[in-house]
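**Q** Following is a predicted model, sequence given first.
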Amino acid sequence: LSIMAADDGFYTGIAPKADYILSITEASGEYRVEEYNWLFAAEHADSCGVDIINSSLGYSIFDDPLMSYTTAQMDGNTTVVSRASKLASAKGILVVSSAGNQGASNWEIVTAPADVPEVMSVGATNRSGEFSFFSSVGPNANGLLKPDLSALGSGTALIDWDGQYRFQNGTSFSAPMIAGLAAGLLNADPGLTKDLLFDLLIRSSSSYEAPNFQ
């Protein structure tokens with residue numbers, strides 16, 4: 001949140017003057033109920049007229065093995081949260097999602113809902129613009145190019161939960177950078193549709209002419 005909204009005189013977020021709705025979707029442990037919480041939160045956000053959802057979450061493996069997904073199910077159509085994200089996108093909301101931090105694990109690829117074609121999935125780079133080893137890669141299970149963009153996710157400056165300034169690693173910190181950028185573009189041109197905004201963000205990438213699965 002600080003990456004987007006903070007403005008304390010020392011640290012300024014990317015879009016501190018935007019209006020924010022905060023939704024808690026996490027539950028005790030890791031279970032699929034969180035995906036349904038995400039769906040309810042997105043529905044509430046839509047009822048409030050939001051333009052952008054930033055989601056620093058990714059679902060793959062749960063505490064109950066019977067609930068866990070496989071990499072083959074990261075197809076943008078299977079998981080509850082992916083289907084919810086598709087609905088939000090269909091309502092005209094730009095959904096910006098962390099790609100996931102599974103790049104150095106056996107899982108490796110993007111987690112839901114970053115597997116959705118209409119979702120702006122965001123990977124992580126370091127300050128030199130190089131791929132962060134932990135960042136989940138593409139493609140999704142259907143061979144779709146993912147992530148859509150990458151931003152600073154290694155050593156990202158933020159205000160932590162205890163009010164301290166820290167540098168942290170994760171796609172949870174690169175995604176809000178892109179969400180904040182999207183908010184700035186939308187503020188500059190309120191007539192932008194979700195699809196035009198998505199396209200502008202993609203075209204801003206240094207790798208637009210030669211994208212890759214990182």
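**A** The structure has been received and is ready for your questions.
**Q** all strands for this structure, in order.
**A** Using DSSP state E, the strands assigned to the chain run over residues 52-55, 94-98, 120-125, 149-152, 156-159, 165-168.
**Q** As CSV, these with distance to residue 40 would be great.
**A** For every residue, glycine as well, the C-beta is placed using N, CA and C. Below are the strands of the chain laid out as CSV (distance: least, CB to CB, whole Å):
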stretch, distance to residue 40
strand 52-55, 13
strand 94-98, 15
strand 120-125, 21
strand 149-152, 27
strand 156-159, 27
strand 165-168, 28
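**Q** For the ones you listed, give me CSV that also has distance to residue 38 and mean pLDDT.
**A** Formatted as CSV, the strands of the chain follow (distance: least, CB to CB, whole Å; pLDDT from 0 to 100):
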stretch, distance to residue 38, mean pLDDT
strand 52-55, 7, 98
strand 94-98, 10, 98
strand 120-125, 15, 98
strand 149-152, 21, 97
strand 156-159, 22, 97
strand 165-168, 22, 97
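**Q** will you turn the ones you listed into TSV that also has distance to residue 25 and mean neighbour count?
**A** Formatted as TSV, the strands of the chain follow (distance: least, CB to CB, whole Å; neighbours: other CB atoms under 10 Å):
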stretch	distance to residue 25	mean neighbour count
strand 52-55	9	24
strand 94-98	13	29
strand 120-125	18	29
strand 149-152	22	23
strand 156-159	20	18
strand 165-168	20	13
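**Q** What is the burial count for residue 180?
**A** 22 (other CB atoms under 10 Å).
**Q** ok so, going back, nearest to residue 68 among the strands of the chain would be which one?
**A** Nearest of the strands of the chain to residue 68, taken as CB to CB: strand 94-98 at 18.8 Å.
**Q** how far is the closest one from where the chain is centred?
**A** Relative to the centre of its chain, strand 94-98 is centred 4 Å away, using CA atoms, centre = their mean, to the nearest Å.
**Q** So which elements touch that strand?
**A** Contact analysis of strand 94-98 by 3 or more CB pairs under 8 Å, 6 or more residues apart in numbering; DSSP states H and E lists strand 52-55, helix 80-90, strand 120-125, helix 171-188, helix 194-203 as its packing neighbours.
**Q** can we see that at 6 Å?
**A** When contacts are defined as 3 or more CB pairs under 6 Å, 6 or more residues apart in numbering; DSSP states H and E, strand 94-98 packs onto strand 52-55, helix 80-90, helix 171-188.
**Q** what does the shortest one contact?
**A** Identification of contacts with strand 52-55 by CB atoms under 6 Å, 6 or more residues apart in numbering yields 93-97, 175-176, 179, 182-183.
**Q** quick one: strands adjacent to that strand?
**A** In its sheet, strand 52-55 lies beside strand 94-98 (parallel), with partners assigned from DSSP bridges.
**Q** could you check the angle strand 120-125 makes with the strand it pairs with?
**A** Angle, strand 94-98 to strand 120-125, by axes from the mean of the first three to the mean of the last three CA atoms, to 10 degrees: 30 degrees.
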